[in-house]
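> coords please:
(2 chains)
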Amino acid sequence: MPDFQIKKNPKTYDAIIVGSGAGGGMSAYVLSQAGLKVLLLEAGPLYDPAKNVMQLKWPYESPRRGASTKFRNFGDFDAAYGGWELDGEPYTHKDGTKFDWFRSRMLGGRTNHWGRISLRFGPKDFKRKSIDGMGDDWPIGYEDVAPYYDKVDRLIGVFGSKENLPNDPDSIFLPPPKPRLHELFIKEAGTALNIPVIPSRLSILTRPINKERGACFFCSQCNRGCTVYGDFSSSSVLVIPALNTGNVDVIANAMVREVLTDSGGKATGISYVNKEDMQEYEVSAKVVVLAASACESARLLLNSKSSNHPNGLANSSNVVGKYLHDSTGTGMGGILPKLVGRKRYNEDGVGGMHVYTPWWLENKKLDFARGYHVEYYGGMGMPGYGFGFGMQGTNGKYPGRDGKQKEAGGYGTALKDDYRYFYGAHFGMDGRGEAIAREDNYCEIDPTTVDKFGIPVLRFHYKWSDQEVKQAKHMKDTFREIIHKMGGVVTWGDNGSPENDYGLEAPGRIIHEVGTTRMGDDKKKSVLNKFNQAHDCKNLFVMDGGAFVSQADKNPTWTILALAMRASEYVIDEMKKQNL
Amino acid sequence: MDRRKYLKTLAVGTVGTLSAATLIDSCKPKDKPKEIGAAPTIDRTPAEAEHDNKLMADKFFDEHEMKTISVLADIIIPKDDVSGSATDAKVPDFLEFIVKDMPKHQTPMRGGLKWLDLHCMKKYNKAFVECNTGQQIEMVDQIAFPEKARPEMQPGVAFFNLMRDLTATGFFTSKIGIEDLGYVGNKANQWDGVPQDVLDQYGVKYDERTLAESVKFDS
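Got it, this is the predicted structure:
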């Protein structure tokens, strides 16, 4: 028999935090600054963008020229260890439905490669049921979160422009970068169509905000991790400063099995398997914070069964795993003939779009609920794997440099010049919209399947409704209109039909999944109270996207950060009052 | 632009991490797998390093196939007065790696090369690489133009499309190709908007509000 004893850590922490992404990183930051002794557990390896460097690397430094692999789904330079499928860590589906689950296993989680789009929810986003009768209202409103958005803005930094829009509140902004050339054309077309195109809102430092972090130097590679910490990653901006307080221990490669509870039903700590030595460990703490990502935290709760919590921990409501929802998404792109043969200059800019379109219409006048925003891309980016693919679909359609129409495809010096000629003329756009949170879109424990650690895995059941499909159709119509107005030619994405849900991406693909441990005032209909605290277990908190009641047409990170900061301050207060 | 200022910026940002440095260093793989070829200059997890080393140790194309690929690659991207050829940019080596990395390309590439040789055997009684340049071009002309290629040439068209794609990608992601293309980024910069002469060329300008609210630089 192999040695199979559980090793108990003699130290009792004030708090154990599971997961080091936006929620866990913020919680570690706030709790450690207040002097609490914290243990931070991360399922992946340690990572520091200043040391695990991808920035300013050339395509030829990757033997596959930056193509994606099963180890890095967003390309060989991307700062995400993980992807849609992890070896030995499966998930399953129910009733032939689809849900793709992206997991980054590394310090900082998915914040290392994310798009840095940092949007506040607006007042309406917390009260959707009151507005359209669908889903539920949050137990809190914008005014409850606004002070924390302010603090997050100041701590982390975000650029943008003051717009005074009713449901897209301004942050405390750093100055935005000027639009790129194609973005000027998009803005021109949008303005003519009454579609607002305003400076984007990204957590990238166009000005330094402290001595620990450098300012952006416009290499356009935020997704690779920034060596000067010029953008927001939980690893660089939250976890490393938290470690520097001396109050945080971090254990990497720790795959948590369950939350441990005592006979009274209170959380006492957690058990985990260390992936390096494959030994079992237990650690005790006064407070347990789950921030493992919406689905992973739900899985942990459902797997933490005991006589006091037979249905899984914090699940007397039977709501854990339910109301799972991801952003809607679809895209379209084309070529702008006036940009062929363009003059070269360094157009990298920040890592992402310099302009975007916030939701601008009234749903009352439309055939679907909830809105979407539009993200834009294009320009003279660094070539990578896939550059020049499909030239036979382009070079026969437009007159070449000599003004003559040529035969599609080809070879030789004429073809070689085509790649130069069409470089930088392509552009595209993506819609990211709000889906309705529904009870029958959920993850649950698959009763027959375990992962390589012996932990029961998640099984997903998710279907888009008519609301989301009609929204995707509207996106396609908008994109086509913008592209035509710009004088562009659509080259991909205009294939929407009822049969393919108008190009609506499968749920999970936008990687904004939230809602699985939602907050609420009614403990029969929600898992957490308005401070991210479990109704059933007062020293247990969930501080990731699971707490969301609805996800808005905004990217969730800024709200995860604000809520985790608010909940962590509540933990400190309650500990002072000896309530935990 | 003052490059040194940005290099300084680069250095400043790392200061704050020193105290966490020892801890983070432990994330490097303890037992480095045996390196084959040049050591990677990009961040690799142990699983990635192992995978890449295995691919580099394997061999897919035989000598004859590599010769054929080299001739085809230089027909697709020849040397011109701007830059060198596909083989100058080591495109055949890239193709050898990428078909091992993406097995979906293996059969279309191997089968396509075979198809090409068989057609040349029928017509010229020689494999493609043994044909003279005129014969090679005559062959390529029949498969390089999808819209006018004869129906029985379609397998060759599909092969040539793939060969064109991989050759172009391999070339324009090489040092030679990036310089040829005129991509001038991937370095510290101050983005202060589209250059004035380009704005003038397209008849556009930044409105006053944009100029007022956007980030400014001391120059």
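
> every contact and neighbour count from this point should use C-alpha atoms.
Fine.

> for the spatially closest residue to B:Ser83 that is not a sequence neighbour, which residues are in contact?
Using C-alpha to C-alpha, 6 or more residues apart in numbering or on different chains and skipping residues adjacent in sequence, the residue nearest B:Ser83 is B:Asp180, 6.0 Å away. Residues in contact with B:Asp180 (C-alpha atoms under 8 Å, 6 or more residues apart in numbering or on different chains) are A:420, B:82-83, B:172.

> among those residues, who's most crowded?
Ranked by the number of neighbours (other C-alpha atoms under 10 Å in any protein chain shown), the contacts of B:Asp180 place B:Phe172 first, at 31 neighbours.

> would you mind measuring from that one to A:Gly66?
B:Phe172 sits 13 Å away from A:Gly66, taking C-alpha to C-alpha, to the nearest Å as the criterion.

> quick one: stretch A:221-239 to chain centroid distance?
Taking the mean of its C-alpha atoms, stretch A:221-239 sits 14 Å from the chain's own mean (C-alpha atoms, centre = their mean, to the nearest Å).

> I meant stretch A:325-342, not that one.
Relative to its parent chain, stretch A:325-342 has a centroid offset of 21 Å by C-alpha atoms, centre = their mean.

> which positions in it come out as buried?
In terms of neighbour count (16 or more other C-alpha atoms under 10 Å in any protein chain shown), stretch A:325-342 has its buried residues at A:325-337, A:339-342.

> of the residues you listed, list those near chain B.
Within the set of the buried residues of stretch A:325-342, contact with chain B (C-alpha under 8 Å from any C-alpha of the partner chain) is found for no member.

> helices of chain B, residue ranges please.
B:3-12, B:18-25, B:46-57, B:63-76, B:91-101, B:106-124, B:133-141, B:154-172, B:175-181, B:196-202, B:208-213 (DSSP state H).

> between the ones you listed, which gets nearest to A:Trp359?
Closest approach to A:Trp359 among the helices of chain B (C-alpha to C-alpha): helix B:208-213, 20.7 Å.

> who are the packing partners of that closest one?
Contact partners of helix B:208-213 among helices and strands, from 3 or more C-alpha pairs under 8 Å, 6 or more residues apart in numbering or on different chains; DSSP states H and E: none.

> name the residues that touch that helix?
Applying C-alpha under 8 Å, 6+ apart, the contact partners of helix B:208-213 are A:161, A:175-176, A:178.

> of those, which ones also sit close to chain B?
Checking the contacts of helix B:208-213 against chain B by C-alpha under 8 Å from any C-alpha, the ones in range are A:161, A:175-176, A:178.

> among these, which one sits closest to B:Ala127?
Checking those against B:Ala127 by C-alpha to C-alpha gives A:Lys178 as the nearest, at 56.4 Å.

> give me the nearest residue to the closest one, chain neighbours excluded.
In space, and not counting its chain neighbours, A:Lys178 is closest to B:Gly193: 5.1 Å by C-alpha to C-alpha, 6+ apart.

> so how far is B:Phe217 from that neighbour?
According to C-alpha to C-alpha, B:Gly193 and B:Phe217 sit 11 Å apart.

> need the helices for chain A, in chain order.
Applying DSSP H to chain A gives helices spanning A:22-33, A:128-132, A:142-156, A:181-192, A:240-244, A:294-302, A:412-422, A:466-486, A:557-576.

> who touches the fourth one?
In other words, helix A:181-192. Outside helix A:181-192, the residues within contact range by C-alpha under 8 Å, 6+ apart are A:196-198, A:354-355, A:376-379, A:427, A:482, A:485-486, B:194, B:199, B:204.

> narrow those to those in strands?
Those of the contacts of helix A:181-192 mapping onto strands are A:198, A:355, A:376-378, A:427, per DSSP state E.

> by neighbour count, which of these wins?
Each of these was scored by neighbour count (other C-alpha under 10 Å); the top score is that of A:Val355, with 26 neighbours.

> which residues touch that residue?
Shown in contact with A:Val355 (C-alpha under 8 Å, 6+ apart): A:179, A:183, A:187, A:197-200, A:375-376.

> return the closest of those residues with respect to A:Gly141.
Nearest to A:Gly141 among the contacts of A:Val355: A:Ser200, at 24.3 Å, using C-alpha to C-alpha.

> so where is chain A shaky, pLDDT-wise?
Scanning chain A for pLDDT under 70 picks out A:1-4.

> which parts of the longest strand along chain A are buried?
When chain A is parsed with DSSP E, its longest strand is strand A:6-18. For strand A:6-18, a neighbour-count test (16+ other C-alpha under 10 Å) marks A:12-18 as buried.

> contacts for that strand, please.
With C-alpha under 8 Å, 6+ apart, strand A:6-18 has contacts from A:24, A:27-28, A:36-42, A:256, A:269-270, A:279-292.

> and what of stretch B:153-161?
Residues outside stretch B:153-161 that contact it (C-alpha under 8 Å, 6+ apart) are A:390, A:392, A:409, B:108-109, B:112-113, B:115-116, B:142-146, B:149.

> which among these count as buried?
A:392, A:409, B:108-109, B:112-113, B:115-116, B:142-146.

> list phi and psi for the spatially closest residue to A:Arg344 that is not a sequence neighbour.
Nearest residue to A:Arg344, sequence neighbours excluded (C-alpha to C-alpha, 6+ apart): B:Gly182, at 6.2 Å. Main-chain dihedrals, B:Gly182, degrees, to the nearest 10: phi 90, psi 20.

> on that earlier part again, who's more crowded, B:Gly193 and B:Phe217?
B:Gly193 (20 against 9).

> right, and that one touches A:Pro176 too?
No: the pair B:Gly193 / A:Pro176 is not scored as a contact, 11.0 Å apart, by C-alpha atoms under 8 Å.
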